[in-house]
Structures are given as structure tokens and as C-alpha cells.
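Asker: A structural model of the following input is requested.
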Amino acid sequence: MAAESRRLAKHQWVLVTEGDRSIPPGERPNLYFDPAGSGVAGFAGCNRFVGEYAFDGSRLTFSHLAATRKYCANSATLEATFLDALGRTRRAVLTDRYLEFLDGSGRPLLAFRAQEQA
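Answerer: This is a model prediction of the structure:
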């Protein structure tokens, strides 16, 4: 595993903003990167999701994303926006405790803070 991917896998990442919108603590999707490979998984706001990722230090893409399909009226919009943003992610800015996903034009999509994995 490349050093960049190890840095991603060091934490669980909790969503704090979607675009310019702050996400309330009780509704925050999260994701974590598999330290043993190219897998990603997490909670999208209502359902769990899994997929694959490729990261080279700045370029980040997600593929083969799949989610469970439990009905949740209160979080359906956030979940759809979150999963759509993962699919549109092309770059990432990674610091020790902060991770931001950007689209192909450099516009912010999602921002996460690090949470230590149990």
C-alpha cells in the first residue's frame, strides 16, 4: 500500500461539510479506507455503503459504490448528495486531521475531520 493510502486508512473520516453546508453532529455520514487494500466503506446518512478507491496523493476517485437500501425519510437527501459527491470526486486535500474532496474543477464537495478508529 502506498504511503498516501496508509494516511487515509489511519482514521475514520466524519463528514463536517457538504459544499458550503455544515452537517449537524447527529446526521454525519462517515467513511473509512481499508488499510489492507483499495476498499472504502462507511455510513451514508441512513445506509451503509462499500466500494473501491484509487488515491495517489492528490488524485482520488471512487468506483463500484454500492449501498444498502433501507428507507429513511429524514436523511434521504443528505445521503443522495453524499453518494453523488463521492462519484464526482476527482481530487483530495489531506492533512493529518482534515480531508477534503474536490470535483474535477477544484470545487469543494465534501469535507471530513479525522476520528481515531477503535
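Asker: contacts for the host helix or strand of W13?
Answerer: Here W13, judged by DSSP states H and E, is contained in strand 11-18. By Cβ atoms under 8 Å, 6 or more residues apart in numbering, the surrounding residues in contact with strand 11-18 are 22-23, 28-32, 42, 78, 81-82, 85, 97, 99, 108-117. C-beta coordinates here come from the backbone N, C-alpha and C atoms, glycine included.
Asker: partner strands of the following helix or strand past that strand and their direction?
Answerer: The first helix or strand that comes after strand 11-18 along the chain, using DSSP H and E, is strand 21-22. Note on strand 21-22: by DSSP bridges, its sheet partners are strand 11-18 (antiparallel).
Asker: quick one: mean pLDDT over the partner strand.
Answerer: Strand 11-18 carries an average pLDDT of 95.
Asker: list the buried residues in the strand holding W13.
Answerer: Within strand 11-18, the residues scored as buried using 16 or more other Cβ atoms under 10 Å are H11, Q12, W13, V14, L15, V16, E18.
Asker: return the set of residues that bridge with the residue nearest the centre of the chain.
Answerer: Most central in the chain under Cα atoms, centre = their mean is L31, positioned 5.0 Å from the mean C-alpha point. For L31, the beta-bridge partners under DSSP bridges are W13, G42.
Asker: could you shift the numbering so residue one becomes 58, and keep it that way?
Answerer: Shifting the count to begin at 58 puts that one at L88.
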